[in-house]
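Peer 1: Return atomic coordinates for the entry below.
(one chain, ligands or ions: 1)
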Amino acid sequence: MLSLVSVSNSTEVGWFSCLVYSTLTRKSIQSVVVFLPTSTVAGTETKHRHKVFLFQGALRCSFLNAVFRSQLLNISDSTISQILFEFLKHKMSKKKLNNFLYFHSLVMADDWEVDNSEAGGSNFASNDKFDFDENANQTSGFEGEDGGTRKYEGRGGNRGRGRGGSNGYRRNDDGDDNGGGGGGYRRNRDGEDGGGFGGRGRGRGGGGGGRGGYKNRGGDRENNEEGGFDNNNREEDGEDGEEPRKKAELYIPPEPTENEEEMYGSGISSGINFEKYEKIPVKVTGENIPAPIKDFESSGLRDLILANVKKSGYTVPTPIQKNSIPVIKEKRDLMACAQTGSGKTAAFLLPIISNLMEDNFESTVGSPHAVVISPTRELAIQIFNEARKFAHGSCIKICIVYGGTGTKHQSDNVLKGCNILIATPGRLNDFVSRDYIRFDDCRYVVLDEADRMLDMGFLPEVEKVMDNPTMRDRADRQTLMFSATFPEEIQNLAGKFLKDYVFLTVGIVGGACTDVEQNFYEVSKFKKRSKLIEVLEENGAVGTMVFVDTKRNADFLASILSETKFPTTSIHGDRMQREREQALADFKSGAMQVLIATSVAARGLDIKNVAHVINYDLPSSIDEYVHRIGRTGRVGNRGKATSFFDPENNQAVINDLVKILTQAGQPIPEFFTATGGGSSSSNAFGGSDIRNNGQPQALEAEEEW
Ligand SMILES: Nc1ncnc2c1ncn2[C@@H]1O[C@H](COP(=O)(O)OP(=O)(O)OP(=O)(O)O)[C@@H](O)[C@H]1O
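Peer 2: Have a look, this model is predicted:
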């Protein structure tokens, strides 16, 4: 049997020798073909050298990756062997080769090396004769294959995927899938045979598009929220330089709905454990703390808002709302922390809208009265929709500006009048620098997911906003910060933007939602993929969010799952904004059962019917874990989270996980202790008012948590 192994770049050479060694030691494997960018294979065990066939150069890597992945995509072995044969014989034309390079956009998943064990054996018939000639393969004639815009039109045989270019990972058995680029990974069962192997039928396959980042879209200067973020390990755009840069796309988002049913039907209905919120201990510290409200009716919110609250299906305020609403109404600054899915958005929007209605400030074009900043575009859109529903029927105008979209459309909206502006920081600063937006009238600055907004990734953008010459002094504005997690070091940083603030915590700072059942499996990275399918089979796939660490793995897994019975899409920072929104819409509507996501979707997103969150890759930060699993089990509903614990890579987070599990009353997996645990990042969660200025004022009896 001939086994195929490939490494894609020199950074992977480290694990390479071990891989080759372990591959070779498996008795059934007689030969290993190695495609390397350099001749680094020298370190391979010499006794196996006779079994190793070497090919050098990036093209070989791309090609073999393509072949390798083709196999996963169910191209028959005979097809692969034919391709390989042709290739090795130097008879393959560039045109034909391109046909297979189509797959390259999905072959670079981080865990791809694991496939060596699962799929590395290509099952070539042992009598396949390949004339391996290392030197003869040095010249490819295809260098730069990844640099330009690749066209993968019409060559079929390989199944394209997706539909209409909008969202990827869909099957299209009709073969008509011309839809504008960027969809990627389309399946086209009837792809035109452009001369490839085994192609048949008609239609246009391809699509590709790939990753590669999309800086400079529409001339935006935004940065931070652009690429999404992966737990502070943001993959830089075009990092591997192997794939074409995504074309800029002028995306104009659809107009928000005016249909009341849609507007008010978007929220999650409160669940069976909603009443348990009342038992969560609340602590408030600071000077002259306003008393909490008991219900919406006596909250002092304007009647119109109360009517809209009712239309939203809210009958009782959650603890964060009971305590925040009076603080904000009384024009105090606030740093607030409450568990995921407990209604923080309404806790700041309702009193701000009410105050603005009362104060009736004069409006100046481009000078909003309140600015809400969110770390991700999708969260900004969600807050925008929430604000629209609470302000519906009033004179308060809500606007949104966020990256990945046409600037003109958004600036036009802002210039039509804007009382409350929801923004991602990059686009906000871009608009400020173009003088579309000023902060002279800005009475409220809200940082949603405040700890994220103040961490290293976003802090410079936030400082830019706060230090803008037009920004009102902190004494003349209210600054409000909300999150489910608030590490002490971030609280320290936050202090400089706040004045005489109230510090409010519902439950334990950074604690996980107790309505989420948390399960763990010990899974090595080599087994994650099959485990994922097993878990989906067991639990049902509908409403499952799967978190992975890298954008490429998100794409890769989505493409693999789409080959199964689970309709799957993905969201991450390298997808076009149109695709991101479409992916979310498809997941929300149920058209897609599974959403594979990077951490760009970890915070804030409030999606109905998310039944299950799977951490395919456990995040290294416990806060990140808390946010991710908080996509389920919201407003008193029960949810389930399953995490794959990789003993090789996840030791460092064990102690923090143990604390989180203990606090949430969840069982601790036995293998946590068996594997010995790791060091805990001491202040990773928990905490109290860092000002330590006197006794916390317990507003409600403290109960066991
Ligand atoms: N008083 C209430 N009664 C019933 N439902 C509510 C109430 N307040 C908010 N909700 C609903 O609860 C859901 C979660 O609210 P929200 O998104 O504001 O949570 P959050 O605390 O901001 O969560 P996260 O930390 O994940 O951002 C939303 O669907 C919202 O409409």
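
Peer 1: Can you find the residue of the stretch 351-500 of the chain that comes nearest to the ligand?
Peer 2: Closest to the ligand within the stretch 351-500 of the chain is A484: 4.1 Å, counting by C-beta to the nearest ligand atom. Every residue, glycine included, has its C-beta placed from N, CA and C.

Peer 1: in which helix or strand would I find D430?
Peer 2: helix 425-433 (DSSP states H and E).

Peer 1: Oops, could you answer that again for N637 instead?
Peer 2: Residue-wise, N637 maps onto no helix or strand under DSSP H and E.

Peer 1: Begin at 45 from now on, thanks
Peer 2: Right, with 45 as the first residue, what we last looked at is N681.

Peer 1: What residues does it make contact with?
Peer 2: I312, S313, S314, G315, I316, N317, G385, D559 (C-beta atoms under 8 Å, 6 or more residues apart in numbering).

Peer 1: Keep the residues you listed, but drop any that are not near the ligand.
Peer 2: By C-beta under 6 Å from any ligand atom, the members of the contacts of N681 lying near the ligand are I312, S314, G385.

Peer 1: ok, so of those residues, who is nearest V654?
Peer 2: Closest approach between the ones next to the ligand among the contacts of N681 and V654, by C-beta to C-beta: I312, at 8.9 Å.

Peer 1: Would you convert the ones next to the ligand among the contacts of N681 into JSON lines that also reports secondary structure, neighbour count and pLDDT?
Peer 2: JSON lines is the format used below for the ones next to the ligand among the contacts of N681 (DSSP: H, G, I helix; E, B strand; the rest coil; neighbours: other C-beta atoms under 10 Å; pLDDT from 0 to 100):
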{"residue": "I312", "secondary structure": "coil", "neighbour count": "16", "pLDDT": "94"}
{"residue": "S314", "secondary structure": "coil", "neighbour count": "19", "pLDDT": "93"}
{"residue": "G385", "secondary structure": "coil", "neighbour count": "25", "pLDDT": "97"}
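
Peer 1: Quick one: low-confidence residue ranges for this structure.
Peer 2: Of all residues in the chain, those with pLDDT under 70 make up the ranges 45-292, 719-731, 736-749.

Peer 1: Can you name the residues of it that neighbour the ligand?
Peer 2: Residues of the chain lying near the ligand (C-beta under 6 Å from any ligand atom): 311-312, 314, 358, 360-362, 365, 382, 384-390, 528, 648, 650, 674, 678-679.

Peer 1: List the neighbours of stretch 341-357 that are in contact with it.
Peer 2: 304, 308, 311, 313-314, 337, 340, 361, 369-370, 373, 390, 394-395, 397-398, 401-402, 433-438.

Peer 1: Can you tell me which of the residues you listed are buried?
Peer 2: Burial by neighbour count, 16 or more other C-beta atoms under 10 Å: within the contacts of stretch 341-357 this picks out 311, 314, 337, 340, 361, 369-370, 373, 390, 394-395, 397-398, 401, 433-436, 438.

Peer 1: which ones among those are found in helices?
Peer 2: Members of those lying in helices (criterion: DSSP state H): I369, P370, K373, A390, L394, P395, I397, S398, M401, K433, F434, A435.

Peer 1: tell me the two of those that are most distant?
Peer 2: Pairwise distances across these (C-beta to C-beta) peak at 22.0 Å, for the pair P370 and K433.

Peer 1: can the ones next to the ligand among the contacts of N681 go into JSON lines with extra columns for distance to T613?
Peer 2: Formatted as JSON lines, the ones next to the ligand among the contacts of N681 follow (distance: C-beta to C-beta, whole Å):
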{"residue": "I312", "distance to T613": "20"}
{"residue": "S314", "distance to T613": "28"}
{"residue": "G385", "distance to T613": "22"}
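
Peer 1: Please list only the buried members of the residues of the chain next to the ligand.
Peer 2: 311-312, 314, 358, 361-362, 365, 382, 384-390, 528, 648, 650, 674, 678-679.

Peer 1: does R672 belong to a helix or a strand, and which?
Peer 2: Using DSSP H and E, R672 falls in helix 666-673.

Peer 1: Go ahead and name everything in contact with that helix.
Peer 2: Outside helix 666-673, the residues within contact range by C-beta under 8 Å, 6+ apart are 275, 384, 495, 528-529, 531, 554-557, 560, 562, 589, 591, 643, 646-648, 657, 659, 662-663, 683, 685, 687, 697, 700-701, 703-704, 725, 728-729.

Peer 1: which other helices and strands contact the helix or strand just after that helix?
Peer 2: Note on helix 666-673: by DSSP H and E, the next helix or strand toward the C-terminus is strand 683-689. Other elements packing on strand 683-689 under the criterion 3 or more C-beta pairs under 8 Å, 6 or more residues apart in numbering; DSSP states H and E are strand 560-566, helix 572-583, strand 656-659, helix 666-673.

Peer 1: Tell me where the stretch 395-544 of the chain has strands.
Peer 2: Secondary structure of the stretch 395-544 of the chain (DSSP state E, counting those that start in this stretch): strands at 414-417, 442-445, 464-467, 488-492, 522-527.

Peer 1: in its sheet, what does the third one sit against?
Peer 2: Pairing partners of strand 464-467, with direction, according to DSSP bridges: strand 414-417 (parallel), strand 442-445 (parallel).

Peer 1: Dump those strands into a markdown table; add mean neighbour count as well.
Peer 2: Shown next, in a markdown table, are the strands paired with strand 464-467 (neighbours: other C-beta atoms under 10 Å):
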| stretch | mean neighbour count |
| --- | --- |
| strand 414-417 | 26 |
| strand 442-445 | 26 |
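
Peer 1: export those to CSV and tack on distance to N536?
Peer 2: As requested, those are exported to CSV (distance: least, C-beta to C-beta, whole Å):
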stretch, distance to N536
strand 414-417, 20
strand 442-445, 30
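
Peer 1: out of the ones you listed, which comes closest to L294?
Peer 2: Closest among the strands paired with strand 464-467, once you apply C-beta to C-beta, is strand 442-445, at 15.5 Å.

Peer 1: Give the burial count for S310, as a bare number.
Peer 2: Using other C-beta atoms under 10 Å, S310 is surrounded by 17 other residues.

Peer 1: how much space between C439 and V509?
Peer 2: Going from C439 to V509 by C-beta to C-beta, to the nearest Å gives 26 Å.

Peer 1: Please apply the same query to G584.
Peer 2: Separation of G584 from V509 (C-beta to C-beta): 43 Å.

Peer 1: Correct me if wrong: S687 contacts V567.
Peer 2: No. Using C-beta atoms under 8 Å, S687 and V567 do not qualify as a contacting pair, with a distance of 9.2 Å.

Peer 1: between the two, which one's more packed in?
Peer 2: Neighbour tally, S687 and V567, criterion other C-beta under 10 Å: the higher count belongs to S687, 25 against 21.

Peer 1: Tell me what the more buried one is bridged to.
Peer 2: Residues in beta-bridge contact with S687 (DSSP bridges): F564, N659.

Peer 1: Equivalent analysis for A382, please.
Peer 2: Under the criterion used (DSSP bridges), A382 bridges to V550.

Peer 1: List the contacts of it.
Peer 2: Counted by C-beta under 8 Å, 6+ apart, A382 has contacts T362, P363, I364, K388, A391, F526, A528, L548, T549, V550, G551.

Peer 1: Distance to K575 added to the residues you listed, as a markdown table?
Peer 2: Below are the contacts of A382 laid out as a markdown table (distance: C-beta to C-beta, whole Å):
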| residue | distance to K575 |
| --- | --- |
| T362 | 36 |
| P363 | 37 |
| I364 | 36 |
| K388 | 34 |
| A391 | 38 |
| F526 | 35 |
| A528 | 28 |
| L548 | 40 |
| T549 | 36 |
| V550 | 35 |
| G551 | 32 |
